[in-house]
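# need a 3D model of the sequence below.
(one chain, ligands or ions: 2)
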Amino acid sequence: MASSGEFLVTRGLGKTFQDENRTKTVLSGIDLELSFRDCLAIVGPSGCGKTTLLLALAGLLPPTTGTVAFQGHPLSAPERKIALVLQHYGLFPWKTAGANIALGARLQGIEISAKKLASVKKELDIEGLDHLYPAQLSGGQRQRVALARALLLSPLLLLLDEPFAAIDTVTRERLQNNLLAVFSQRKFSFVIVTHNIEEAVFLGRRIIVLDNKNHGIGAVVENPEMGSIEYRGKPLFFERTTALRNILEEFE
Ligand SMILES: Nc1ncnc2c1ncn2[C@@H]1O[C@H](COP(=O)(O)OP(=O)(O)OP(=O)(O)O)[C@@H](O)[C@H]1O
Ligand SMILES: [Mg+2]
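Residues are numbered from 1 along each chain as shown. Ligands and ions are numbered 1, 2, ... in the order given. A predicted model of the protein is given here:
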């Protein structure tokens with residue numbers, strides 16, 4: 001597979017928006033590298049450009065400057081092998097859970113076998129919810145439906161924008177465990193945007209902190225020891241969360 005850095009690379013990525021009469025810089029000079037089967041967490045204050053960066057990595061938002069390359073090719077349009085789970089689940093309220101799960105694959109013209117569908121639902125513990133509408137699901141169930149829809153596309157890169165926000169701590173940790181289990185069994189990389197320090201340390205082999213002032217990467221925390229559920233209870237986990245908290249306080 002691709003050697004380190006070739007899977008997903010950004011160079012000098014910048015994004016500005018035109019806000020009334022002025023140009024607003026949101027991202028500037030972002031250099032990122034992610035290997036295949038690696039995972040990255042992105043944290044930073046609200047409004048610092050996390051969602052903007054994720055949309056650029058999805059090929060949905062062209063950068064103003066710099067480049068995004070996926071598997072060695074410039075990314076200039078949405079790519080089949082990249083799945084995105086949006087900040088607020090992105091489920092259609094008028095479609096049932098079952099229809100929502102199937103929708104991503106249907107839109108991309110991908111045939112999903114009943115066996116694969118059943119195995120993803122089992123993996124995420126959402127069997128028996130097919131007939132319910134999103135409003136009838138709990139936050140955690142909605143999140144897993146959104147995750148199922150993305151995983152059914154068998155992405156090589158999964159982009160997650162605050163996927164477990166607004167979910168109680170116990171359910172949230174269960175969902176994080178779910179994601180880690182799926183990650184260790186399947187072949188993909190993921191990038192997770194989160195506001196939650198513990199989540200970033202549990203799920204990111206590298207954690208980048210976006211800096212509101214310079215619009216770039218303010219700090220990088222290497223976290224190679226992640227990858228097991230037991231990590232959450234280890235002293236090193238607490239050391240890393242404390243270190244990350246201290247860094248974040250500098251950038252708030
Ligand atoms: N299409 C757009 N047009 C103009 N400004 C935009 C647009 N999209 C985002 N922005 C601005 O860019 C900045 C970054 O937005 P973004 O959604 O990336 O932040 P975020 O880090 O994801 O925040 P949060 O943590 O609250 O989700 C904000 O100031 C936002 O108003
Ligand atoms: Mg956001």
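# partner strands of the host helix or strand of E33, with direction?
Assigned by DSSP states H and E, E33 belongs to strand 22-34. Using DSSP bridges, strand 22-34 pairs in its sheet with strand 8-19 (antiparallel).
# is the strand it pairs with up against ligand 1 anywhere?
Yes - applying CB under 6 Å from any ligand atom, one finds strand 8-19 touching ligand 1 at F17, D19. (C-beta placed from N, C-alpha, C; glycine too.)
# tell me which residues of that strand come out buried.
L8, V9, T10, L13, G14, K15, T16 (16 or more other CB atoms under 10 Å).
# on the three-state scheme, the closest residue to ligand 2 within the stretch 1-150 of the chain is what?
Ranked by CB to the ion, the top residue of the stretch 1-150 of the chain for proximity to ligand 2 is T51, at 3.2 Å. What DSSP: H, G, I helix; E, B strand; the rest coil gives for T51 is helix.
# shouldn't it be in contact with H88?
No - the pair T51 and H88 fails to qualify as a contact (CB atoms under 8 Å) at a distance of 10.7 Å.
# secondary structure element for the residue nearest the centre of the chain, which one?
For the chain, the residue nearest the mean C-alpha position is L160 (2.1 Å; CA atoms, centre = their mean). Using DSSP H and E, the element containing L160 is strand 157-161.
# that strand pairs with which strands?
For strand 157-161, pairing defined by DSSP bridges yields strand 82-85 (parallel), strand 189-193 (parallel).
# contacts for that strand next, please.
For strand 157-161, contacts defined as CB atoms under 8 Å, 6 or more residues apart in numbering pick out 7-8, 34, 50-51, 54, 57-58, 70, 81-87, 150-151, 179, 188-193.
# OK, contacts around G49?
Contacts of G49 by CB under 8 Å, 6+ apart are K15, V26, L27, L210, H215.
# actually E252, sorry about that
By CB under 8 Å, 6+ apart, the contact set of E252 is P45, N212.
# report pLDDT for it.
pLDDT recorded at E252 is 73.
# span of stretch 211-230 from start to end?
Using CA to CA, to the nearest Å, one end of stretch 211-230 lies 31 Å from the other.
# give me the buried subset of the contacts of strand 157-161.
Buried residues within these, counting neighbours by 16+ other CB under 10 Å: 7-8, 34, 50-51, 54, 57-58, 70, 82-86, 150-151, 179, 188-193.
# if we can go back for a sec, in the strand holding E33, what counts as buried?
Within strand 22-34, the residues that count as buried by 16+ other CB under 10 Å are V26, L27, S28, I30, L32, E33, L34.
# cool, stretch 109-122 as well?
I112, L117, V120, K121.
# same check, this time on stretch 127-138
By 16+ other CB under 10 Å, the buried positions in stretch 127-138 come out as L129, D130, L132, P134, L137.
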